[in-house]
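Asks: Prediction below, plus the sequence it came from.
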Amino acid sequence: MKKEKVRVRFAPSPTGFLHIGGARTALYNWLQAKKNGGSFLLRIEDTDRTRFVPEALDDITASLKWLGLEWDEGPLVGGPVGPYFQSERLELYKKLAQQLVEEGKAYYCFCTTERLQELRKAQEQGKAAPGYDRCCRTLTPDQIREAFAAGKMPVIRFKMPEQGEIKVVDALRGEMRFDLSTLDDFVLLKSDGYPTYHLANVIDDHFMEISHVMRGDEWIVSTPKHIMLYQSFGWKPPVFIHLPVFLAPDGKGKLSKRHGATSVRDYKDKGYLPEALVNFLLLLGWHPGDDREFFTLEEAVEAFSIERLNTSPVALSLEKLDWFNGMYLRKLDPRELAIRCLPFLQKEGLLPTPCPPERFEYLVSLIPLIQERINLLTEAGPALQYFLEDEISPPAADLLVPKKSTPEEVVTALQSALAALKEVEEFTEGILEETLRGVATALGMKAGQVFMPIRVAVTGSTATPGLFELLAAIGKERVLARIEQAIKVLKK
Ligand code: GLU
């Protein structure tokens, strides 16, 4: 038998920024396409006008690109089975919904919102199962004509068989059976002419020749309805794979805004690298079968298979993500890391936009000082501040005085260091070390009693990269000025 071409899609609704759960769904679809030489489609399910967020579309496309998940067909790139926006396919949905009405598989429903609300209230009070009571299912052709003549706008509902069973096969979870009597006569076409998710999703998956539907498991309950639709149209359904939700870090409930970052954009702004986020998402619902942890996208394509997707929910571990990010960040070439840090430093006003080449080269030279010390790109700002700014705010006197010294001793140490450093022509690590050790010996002090105050004077911090390399990087003029400033603080 000829193997069917793998065609998968990511079908977000533009109701907000791309959630990392959605990004993971996109990733698995993308991998499934690449692994099998197939196509990855992006389809925008924008039929719910009430939840439409105009900025969402740009965010979704930009976030997917940032993650490296380019689509073969869809918005911006087009393709043979477009349009890829559902709002541009309304005629098709209408035509097919009407076709089902003509075939007796669907029907017009003129019930008003008020009636449906009352029905729901009564069902709630009587503790009856919710759902449409099929009031319009038995309207006669005359009644329907009259309603139209009176200007009433109907919805079209699916005529669910009243009994029987429907089998849903999920490639991961196996067979699930649903009792048809529990399924509603769900709406296919709304009175404004827009389709519901169910109708549009099935029609598009069919005409876009989707071979595998991989989506979040919150859609499992919809799948029996979809299968019923495939049957009604006489179409072959795709293979279904429902991916487990992932839970908030505390393991309780879905990841939501109250847990902090939820969208890809949030993670980008927090200073995560796309390659780290992708690697992290890859392992959040899929396992390689061995203990490998690091995957580039290409390696993930190699290793991926849908059989090793998990079915149980996984909690998001932010420590793990930070760890991944730190590992990826350390692997970058310093120049590349400088490029990644640059926008964050510009945002903090530590470097100008555009950044002049000599300032950028200075940044590149600083990267080795921080590369081992940061996990997020946003940490570059605080770590580099005292290198990039000409002046730092004067450190507090307490910070300048190490535990085993008195303020007088610190003033002496700083003054001697200042005098000695003034004589140093070339600010290189070796010479600086020799000079400052000489100062400590001459004063009869421990090295730390001299080094720590200098470190604080020059950086405002007690935790920094190695003192001599940092002094060399900051340069003579600024070092001397900052030591003078610290002496003033202590003398006050
Ligand atoms: N538009 C749906 C969503 O936003 C797509 C669900 C599906 O993939 O079928 O998640």
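Replies: Nice, thanks for sending it over.
Asks: List the residues that contact residue 381.
Replies: Taking C-beta atoms under 8 Å, 6 or more residues apart in numbering, we find residue 381 in contact with 344, 345, 348, 350. Where C-beta positions appear, they are placed from N, C-alpha and C, glycine not excepted.
Asks: Now, of those, which are buried?
Replies: Neighbour-count burial (16 or more other C-beta atoms under 10 Å) is assigned, among the contacts of residue 381, to 344, 345, 350.
Asks: For residue 181, what are phi and psi?
Replies: The phi/psi pair for residue 181 (degrees, to the nearest 10) reads phi -70, psi -10.
Asks: and it, how many neighbours does it have?
Replies: The burial count assigned to residue 181 is 12, neighbours taken as other C-beta atoms under 10 Å.
Asks: Now do the same contact list for it.
Replies: By C-beta under 8 Å, 6+ apart, the neighbours of residue 181 are 162, 163.
Asks: quick one: pLDDT of it?
Replies: The model reports residue 181 with a pLDDT of 91.
Asks: sorry, back to before: what would the contacts of residue 381 look like in a markdown table with distance to residue 373 and secondary structure?
Replies: Conversion of these to a markdown table gives the following (distance: C-beta to C-beta, whole Å; DSSP: H, G, I helix; E, B strand; the rest coil):
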| residue | distance to residue 373 | secondary structure |
| --- | --- | --- |
| 344 | 15 | helix |
| 345 | 15 | helix |
| 348 | 17 | coil |
| 350 | 17 | coil |
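Asks: quick one: which of those is nearest residue 93?
Replies: residue 344 (44.8 Å; C-beta to C-beta).
Asks: In contact with that closest one, which residues are there?
Replies: By C-beta under 8 Å, 6+ apart, residue 344 lies in contact with 271, 377, 378, 380, 381.
Asks: Please apply the same query to residue 7.
Replies: For residue 7, the contacting residues are 33, 38, 39, 41, 208, 209, 210, 211, 212, by C-beta under 8 Å, 6+ apart.
Asks: Pipe those into a markdown table and attach pLDDT, secondary structure and distance to residue 198 per row.
Replies: Shown next, in a markdown table, are the contacts of residue 7 (pLDDT from 0 to 100; DSSP: H, G, I helix; E, B strand; the rest coil; distance: C-beta to C-beta, whole Å):
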| residue | pLDDT | secondary structure | distance to residue 198 |
| --- | --- | --- | --- |
| 33 | 98 | helix | 24 |
| 38 | 97 | coil | 25 |
| 39 | 98 | strand | 24 |
| 41 | 98 | strand | 19 |
| 208 | 98 | coil | 16 |
| 209 | 97 | coil | 19 |
| 210 | 98 | coil | 15 |
| 211 | 98 | coil | 20 |
| 212 | 98 | strand | 19 |
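Asks: from those, which is closest to the ligand?
Replies: Nearest to the ligand out of these is residue 210 (C-beta to the nearest ligand atom; 9.6 Å).
Asks: is the helix or strand hosting residue 23 anywhere near the ligand?
Replies: Per DSSP states H and E: residue 23 is located in helix 20-35. No. Helix 20-35 is not in contact with the ligand by C-beta under 6 Å from any ligand atom; minimum separation 6.8 Å.
Asks: thinking again about what came up before, just the buried residues out of the contacts of residue 7, in PyMOL syntax.
Replies: This is the PyMOL syntax for the buried subset of these, where burial follows 16+ other C-beta under 10 Å:
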select buried, resi 33+38+39+41+208+210+211+212
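Asks: Strands of the stretch 201-350 of the chain, residue ranges please.
Replies: 212-216, 239-243, 246-247, 314-315 (DSSP state E, counting those that start in this stretch).
Asks: one step back: just name the closest of the buried ones among the contacts of residue 381 to the ligand, please.
Replies: Nearest to the ligand, judged by C-beta to the nearest ligand atom, of the buried ones among the contacts of residue 381 is residue 344 at 30.9 Å.
Asks: per-residue confidence at the closest one?
Replies: Note on residue 344: pLDDT of 98.
Asks: quick one, helices of the stretch 251-400 of the chain?
Replies: Ranges of helices in the stretch 251-400 of the chain, per DSSP state H, counting those that start in this stretch, are 264-269, 274-282, 297-303, 318-331, 334-347, 357-370, 380-388, 397-400.
Asks: most neighbours per residue, which of the ones you listed?
Replies: helix 274-282 (a mean of 22; mean count of other C-beta atoms under 10 Å).
Asks: Excluding covalently adjacent residues, which one is nearest to the one residue in the stretch 251-400 of the chain that gets nearest to the ligand?
Replies: Among all residues of the stretch 251-400 of the chain, residue 254 sits closest to the ligand, at 13.2 Å; criterion: C-beta to the nearest ligand atom. Spatial nearest neighbour of residue 254, chain neighbours left out: residue 245 (5.7 Å); criterion: C-beta to C-beta, 6 or more residues apart in numbering.
Asks: ok, the one you found - how many residues close by?
Replies: Here the number of neighbours of residue 245 (other C-beta under 10 Å) works out to 16.
Asks: What helices and strands are in contact with the helix or strand bottoming out on mean pLDDT in the chain?
Replies: Ranking every helix and strand in the chain by mean pLDDT, DSSP states H and E puts strand 246-247 at the bottom, with a mean of 81. Counting contacts by 3 or more C-beta pairs under 8 Å, 6 or more residues apart in numbering; DSSP states H and E, strand 246-247 packs against strand 314-315.
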